[in-house]
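K.L.:
With the input below, show me the fold.
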Amino acid sequence: MSIEVTNLTKFYGEQAAVRDISFSVAKGEIVGFLGPNGAGKSTTMKIITGFIPSSAGEVKVCGMTVDVDNLKTRQLIGYLPENNPLYLDMYVREYLEFVGNIYKVSNVKDRVSDMVKAVGLEVEQAKKIGALSKGYRQRVGLAQAIIHDPQVLILDEPTSGLDPNQLAEIRDLIKKIGKSKTVMLSTHIMQEVEAICDRVVIINKGQIVANDTADHLQIDLSHQTVYVEFDAEISRNALTKIKDVNKVEALGKGWLIEGIGVEDLRKTVAQFAQNNNLLVLTLRVEEKSLEEVFKQLTK
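P.N.:
Numbers count the residues shown, from 1 in each chain. Just a heads-up that it's a prediction; the model follows:
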C-alpha cells in the first residue's frame with residue numbers, strides 16, 4: 001500500500017479533530033476523501049504529508065512511517081494544500097525552478113518545461129504568479145506538486161474556483177497522473193468524485209463513516225429501493241405484506257418498493273411475483289446520487 005493510516009487520532013487541545021481512523025490507498029488508485037467542513041479532512045492530509053504530527057496512531061507512506069522517516073516520506077509526496085500558497089512576486093517558470101531545485105530535480109529547466117506543458121501553462125508561463133487568474137494559479141500549484149515526480153499525490157480541493165473548461169482539463173490531468181501514482185484528493189464536488197475516483201472515503205466528525213466505491217455506496221444494500229412493473233394489476237396493500245418491505249409507492253405503470261435489512265430486495269420481489277403467478281416486466285434497483293449518500297451519512 002502507498003498510504004496506510006492506522007488508528008489515527010489528532011487532538012487540538014481537548015478537541016478531537018480526528019478520532020481513531022484507519023484506511024489505506026493502493027498504488028495506481030485515485031481515492032476521493034470527502035466530508036463536511038470541519039470533519040477532519042485537511043487535518044488528516046496534513047498528517048499524511050508530515051506537515052503536522054498526530055496525537056496517536058500511525059501513518060505509513062510507501063512502507064515508511066511518516067513520524068520516523070519524515071524527510072524521506074516528504075520526498076515521495078506531492079502536496080497541493082487547500083489555500084495553495086504561492087510566491088506571487090515570482091514568475092511562473094522562476095517559481096517552478098525554485099521548487100525543483102529544493103527537491104534537487106536533475107535537468108530542472110527541462111522538467112519545468114514538461115510541467116508547464118502538462119498542466120497547460122504555456123500561454124501564462126512568462127507572467128508573474130500574482131497576475132494569474134485563480135484557475136491558472138491552481139495549475140501552478142499542481143505543477144509544483146508533481147515536479148519531483150512523487151509516488152503519492154495529496155490534493156486538497158484541487159479544482160476550487162475553476163471554470164467548467166478548466167475543471168475538465170484538471171480532471172483529465174489527475175486521471176492521467178493516477179494511472180501510475182497514488183492520488184488522494186479532497187473535494188466537495190460530487191460529480192468530480194464520480195468522474196475520476198476509484199474509491200470514496202467519507203469522514204464525519206473525525207470518524208470514517210464510509211469506505212467503498214461510489215457505485216456500491218449508491219446502492220445501499222441495507223436500505224434498498226427497487227422499481228417493479230408486473231404484467232397484471234396488484235394492490236398496494238398486497239405489496240406492503242412482502243417480507244422486510246416498509247414502504248410502497250405507485251410510480252407510473254409500476255411501483256417503488258423500499259426495504260430494510262434485505263441482502264437483495266430484487267430477489268424478494270421476484271419470489272413474491274412467482275408465488276402470486278405474476279410476470280415481472282421491469283425490476284431494477286433505484287440508485288441514490290452520491291450527493292444523497294453523502295448527506296445521509298453526514299447529516
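
K.L.:
And the helices in the chain?
P.N.:
Secondary structure of the chain (DSSP state H): helices at 41-48, 70-76, 92-102, 108-118, 134-146, 164-178, 190-196, 214-218, 236-240, 265-275, 290-298.

K.L.:
and those as JSON lines, adding distance to Leu251?
P.N.:
Every residue, glycine included, has its C-beta placed from N, CA and C. Listed next are the helices of the chain as JSON lines, based on distance: least, Cβ to Cβ, whole Å:
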{"stretch": "helix 41-48", "distance to Leu251": "37"}
{"stretch": "helix 70-76", "distance to Leu251": "52"}
{"stretch": "helix 92-102", "distance to Leu251": "55"}
{"stretch": "helix 108-118", "distance to Leu251": "48"}
{"stretch": "helix 134-146", "distance to Leu251": "42"}
{"stretch": "helix 164-178", "distance to Leu251": "33"}
{"stretch": "helix 190-196", "distance to Leu251": "25"}
{"stretch": "helix 214-218", "distance to Leu251": "19"}
{"stretch": "helix 236-240", "distance to Leu251": "11"}
{"stretch": "helix 265-275", "distance to Leu251": "14"}
{"stretch": "helix 290-298", "distance to Leu251": "17"}
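
K.L.:
And the ones you listed: which comes nearest Glu82?
P.N.:
Minimum separation from Glu82 across the helices of the chain (Cβ to Cβ) falls at helix 41-48, 6.0 Å.

K.L.:
Any chance you could list what contacts the closest one?
P.N.:
3, 5, 8, 10, 17-18, 21, 33-35, 52-54, 59, 61, 66, 77, 79, 81-82, 154, 156, 184, 186, 203 (Cβ atoms under 8 Å, 6 or more residues apart in numbering).

K.L.:
Pull out the buried members of the residues you listed.
P.N.:
3, 5, 8, 10, 17-18, 21, 33-35, 54, 59, 61, 66, 77, 79, 81, 154, 156, 184, 186, 203 (16 or more other Cβ atoms under 10 Å).

K.L.:
Out of these, which sit inside strands?
P.N.:
3, 5, 8, 10, 17-18, 21, 33-34, 59, 61, 77, 79, 154, 156, 184, 186, 203 (DSSP state E).

K.L.:
Distance of Ile260 relative to Tyr12?
P.N.:
Here the criterion is Cβ to Cβ, to the nearest Å. By it, Ile260 lies 38 Å from Tyr12.

K.L.:
Show me which helix or strand of the protein is least confident by mean pLDDT.
P.N.:
helix 214-218 (a mean of 79; mean pLDDT, DSSP states H and E).

K.L.:
that older thread, in TSV: the helices of the chain, plus mean neighbour count and distance to Lys128.
P.N.:
Output for these, formatted as TSV (neighbours: other Cβ atoms under 10 Å; distance: least, Cβ to Cβ, whole Å):
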stretch	mean neighbour count	distance to Lys128
helix 41-48	23	28
helix 70-76	15	27
helix 92-102	18	8
helix 108-118	17	15
helix 134-146	22	11
helix 164-178	16	20
helix 190-196	17	29
helix 214-218	16	40
helix 236-240	12	67
helix 265-275	17	59
helix 290-298	17	39
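
K.L.:
among those, which is nearest Thr225?
P.N.:
Nearest to Thr225, of these and by Cβ to Cβ, is helix 265-275 at 7.7 Å.

K.L.:
Isn't Thr6 up against Glu58?
P.N.:
Yes. Using Cβ atoms under 8 Å, Thr6 makes contact with Glu58 at a distance of 4.7 Å.

K.L.:
follow-up on the earlier one: which residues does the least confident helix or strand of the chain contact?
P.N.:
Residues contacting helix 214-218 (Cβ under 8 Å, 6+ apart): Gly32, Val193, Glu194, Cys197, Arg199, Val200, Ala210, Glu287, Lys288, Ser289, Leu290, Val293.

K.L.:
could you redo the last one with a cut-off of 6 Å?
P.N.:
Glu194, Val200, Ala210, Glu287, Lys288, Leu290, Val293 (Cβ atoms under 6 Å, 6 or more residues apart in numbering).
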